[in-house]
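In: Could you look at this predicted model? Sequence included:
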Amino acid sequence: MSQASVQLTAVESRIREALASRGDAMITDLARHVAIPTGGGHDAGLDEYRGLLLDRLRAVGAEIEFSDGDPKPVWLDFGPHPDDAPPSRTPPRTAIATLPGGSGPRILIACHLDTVFDPNGSFQRMTISGDGATAVGPGVVDMKGGVLITLNAIEALAEAGVASRVTLALTSDEETGSYASNRTLRELARQADIGIATEPALPGGELVIERFGSGQFRIETRGRSAHVGRAFTEGISAVTALAEAIVRISEMPDADRGRILNIGPLLGGAVSNAVPDMARAWGNVRFPTNEIADEIRAMLTELETPTDAMPALHIDCSFNRPAKPKTEAVERFARLARVCAESLGQRMPFATTGGVCDGNILQDEGVPTIDTLGVRGGGLHTADEWIDLSSLVERSQLMALLLHRLSQGALTTP
């Protein structure tokens, strides 16, 4: 760690101490936020949680606007519904908070309010460990902890009289693919110079600077129904056709090249004594580059048959999260984040992950983005999701210092 990296200005020291004094309040706030159910498209919980955040952002002068969401493709929903079925709910809006004034680059911070947890399930509250070091709760790191440290960093900067050109996008559908918010995120990214997402850091505090991309697909096969006992040979099984396609897809992955395809769940037939005339399977793909995404799409498309074939096979694809490669601009931004961490006595190794997030979308619009500036923890998407409570103060200090130095032109200084 260089001597230059550990020096803080007087203003930065005041911001660091102000955030250190907020530790207990942040734990209290986090418990309150985690207790609001925001999974499973729970609109009432999303509205309540969003309202708490927007009230605090308005208090520091943020201007608030909303962008309507777009519907996701109906075929993504698991089930036997017809493809022209109306969406089950109105796509959620994105709240956009723009801070007043400031100089330096235009910074877009993407925060998602939704979690993966059943709003009616048993996992509803934050529980602090006996030693007070960690806590378990739904969304405690992914990403209510990340949202909270961002909010506190912005408040501390405002209290210190530091203005920066920050826009926050508060989305409500990241965990289901960001279909409603994709257009809004892209529009905001085109107006930004720097992108940040408050996804949780890896357990050791690692900053992810390279991510795989992700996509969804559905295989639909159609056959001819027939009674199994009276007319079995007249039937053509859509389930058999689907099974044959699944076997072919199982030969497509090449893990060494990062070409990943996975299938599940499956749907086919209603009863065992009738040849099924329809079957479906849904799958997920991962890819390190958009070129490999094109390979996967082409391989899937080759399975399709003419619509009048019997059996017939059709593939729907939505590769909605492009790969997020490591670029020179991203590395430069990440190095600044590392210097800020070292200035606070923190470590920040770099890492790569196969997971995806809204940072993939921002960077696809040409915005250098780092997206694991949230809190430390683990067990994401499980009933063991946990947070290192000390990271609330540490990562809020890091976020505030990074925003401050960006506003001072740190990325434009030779």
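Out: The structure has been received and is ready for your questions. Numbering: from 1, shown residues only.

In: what sits against the residue nearest the centre of the chain?
Out: Nearest to the geometric centre of the chain sits Cys357, at 3.1 Å (C-alpha atoms, centre = their mean). If a contact means C-beta atoms under 8 Å, 6 or more residues apart in numbering, then Cys357 has Glu174, Ala197, Glu199, Arg211, Arg321, Asp371 as its contacts. For every residue, glycine as well, the C-beta is placed using N, CA and C.

In: quick one, phi psi at it?
Out: phi -160, psi -170 (degrees, to the nearest 10).

In: Ok, Phe333 next?
Out: Residue torsions, per degrees, to the nearest 10, at Phe333 are phi -60, psi -40.

In: which residue sits closest to it, ignoring its sequence neighbours?
Out: Pro368 (4.9 Å; C-beta to C-beta, 6 or more residues apart in numbering).

In: Also Ser225?
Out: Per C-beta to C-beta, 6+ apart, closest to Ser225 is Asp277, 4.0 Å.

In: Give me the secondary structure label for Asp316.
Out: Recorded secondary structure, Asp316: strand (DSSP: H, G, I helix; E, B strand; the rest coil).

In: Now that we're looking at it, what pLDDT does it have?
Out: Looking at Asp316, its pLDDT stands at 97.

In: Tell me how far it lies from Pro276.
Out: 19 Å (C-beta to C-beta, to the nearest Å).

In: neighbour count winner among these two?
Out: Pro276 (25 against 17; other C-beta atoms under 10 Å).

In: Does the more buried one touch Gly223 like I think?
Out: Yes - using C-beta atoms under 8 Å, Pro276 is in contact with Gly223, at 6.7 Å.

In: Give the residues shared as contacts by the two.
Out: Residues touching both Pro276 and Gly223 (C-beta under 8 Å, 6+ apart): Ser237, Ala238, Val239.

In: By neighbours, which of these wins?
Out: Among the shared contacts of Pro276 and Gly223, Ala238 has more neighbours than the rest - 26 neighbours, counting by other C-beta under 10 Å.

In: Verify the contact between it and Gly268 for me.
Out: Yes - if you go by C-beta under 8 Å, Ala238 and Gly268 touch, sitting 6.3 Å apart.

In: list the residues that contact both of these two?
Out: With C-beta under 8 Å, 6+ apart, Ala238 and Gly268 have common neighbours Pro276, Met278, Ala279.

In: Secondary structure and pLDDT added to these, as CSV?
Out: Compiled in CSV, those are given as follows (DSSP: H, G, I helix; E, B strand; the rest coil; pLDDT from 0 to 100):
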residue, secondary structure, pLDDT
Pro276, coil, 97
Met278, strand, 96
Ala279, strand, 97
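
In: and these as a markdown table, adding distance to Ala298?
Out: Output for the shared contacts of Ala238 and Gly268, formatted as a markdown table (distance: C-beta to C-beta, whole Å):
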| residue | distance to Ala298 |
| --- | --- |
| Pro276 | 29 |
| Met278 | 26 |
| Ala279 | 23 |
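
In: Pick the one among these closest to Met399.
Out: Ala279 (48.2 Å; C-beta to C-beta).

In: May I see the buried residues of stretch 347-367?
Out: Buried residues in stretch 347-367, defined by neighbour count with 16 or more other C-beta atoms under 10 Å: 348, 350, 353, 355-365, 367.

In: gap between the two ends of that stretch?
Out: 25 Å (C-alpha to C-alpha, to the nearest Å).

In: what pLDDT, on average, does that stretch get?
Out: Mean predicted confidence for stretch 347-367 is 93.
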